[in-house]
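**Q** Got a sequence here, can you build the structure:
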Amino acid sequence: MHDPTITPTAAPALQAKPPARWPLILLALPAGVATWSGWVGLGERTGFGVVKPLPGLLDTFEINTAITLPIGVETYAAYALGAWLNRSPRISASTRRFAKWSAIGSLLLGMLGQVAYHLLEQAGIQHAPWQVTTVVSALPVLVLGMGAGLSHMIARDLHAPDEVHAPEPVPEPAAEPEPDPAAEQAVAELIAWTHRVGDGLPPIPAGVEVRAPEGAPEMDPLCTSAGQHYRVMLAAGKVPSVRQLKKELRIGQDKAKQVHAHLTALADTRTLPLEVAS
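**A** Residues are numbered from 1 along each chain as shown. Now for the predicted structure:
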């Protein structure tokens, strides 16, 4: 039998599997072959070719410098793209911005290089125009500078000290206003006036003392005036809240609590809140 008091524990959240990477191999192989052949062919038409990098040391060692183009341009494009899409919070916004635009620029250069090679191949041109030669010759230096710069920026971000946020200052509570006898007297007079004019109650004759019923604590004239003002509510067994007293009587928190205690005592007597005695 199922016990309703026992709540089943939540099942642990399943971790999503990373996407398979084998499709990247299928994408990279044909793209790599086409890119490699295109850049090598373009390099040979712009002056890149077989050189001896170590003359006098290894005269038999030769290398075709045309392979530097696909290695440099396409590798940097992939490297910058990875830095741009890296989700690490330690990578700064400036580093991501540099990686983003340099990756886009490298991909555009790669596309332009392929287009230039195929146009030259179709036209049967064995020597590229000087404009194409100038741009292609500058690519190794350009890629070296961008790669070194991006590498230093990433290293700077990863080794930067964690920022220590100082706690926000807690605002001090507002101090209660100092009691103002003149203001309290003015409030009392205003309450008496609204009591006489607005509530439709008969005015209190001159020389007549207003006293609280037995059991109510003795208070100042403001409490007595408040008892007159809220007599209908008190007769119904209701007491205005401290917030209502502060708003309607325009008094502070301490004074409102004092008046509230007086009105509560009047309401607890289960009689009229105030009686007029001659």
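**Q** So which elements touch the strand or helix carrying residue 153?
**A** For residue 153, the host element (DSSP states H and E) is helix 130-158. Here helix 130-158 touches helix 22-45, helix 68-84, helix 93-123, going by 3 or more Cβ pairs under 8 Å, 6 or more residues apart in numbering; DSSP states H and E. Bear in mind the C-beta positions are built from the backbone N, C-alpha and C, glycine included.
**Q** Show me what the second one is in contact with.
**A** Residues outside helix 68-84 that contact it (Cβ atoms under 8 Å, 6 or more residues apart in numbering): 32, 35-36, 38-40, 42-43, 48, 91, 95-96, 99-100, 102-103, 106-107, 109-110, 113, 136, 139-140, 143-144, 146-147, 150, 154.
**Q** want to throw the helices and strands packed on helix 130-158 into CSV with mean neighbour count, mean pLDDT and distance to residue 178?
**A** Below are the helices and strands packed on helix 130-158 laid out as CSV (neighbours: other Cβ atoms under 10 Å; pLDDT from 0 to 100; distance: least, Cβ to Cβ, whole Å):
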stretch, mean neighbour count, mean pLDDT, distance to residue 178
helix 22-45, 15, 78, 76
helix 68-84, 19, 85, 62
helix 93-123, 16, 89, 52
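**Q** Which one of those lies nearest to residue 249?
**A** With Cβ to Cβ, the closest approach to residue 249 among these belongs to helix 93-123: 55.4 Å.
**Q** give me every residue that touches the residue positioned nearest the centre of the chain.
**A** With distances taken as Cα atoms, centre = their mean, residue 89 lies nearest the centre of the chain, 13.7 Å away. For residue 89, the contact set (Cβ under 8 Å, 6+ apart) is empty.
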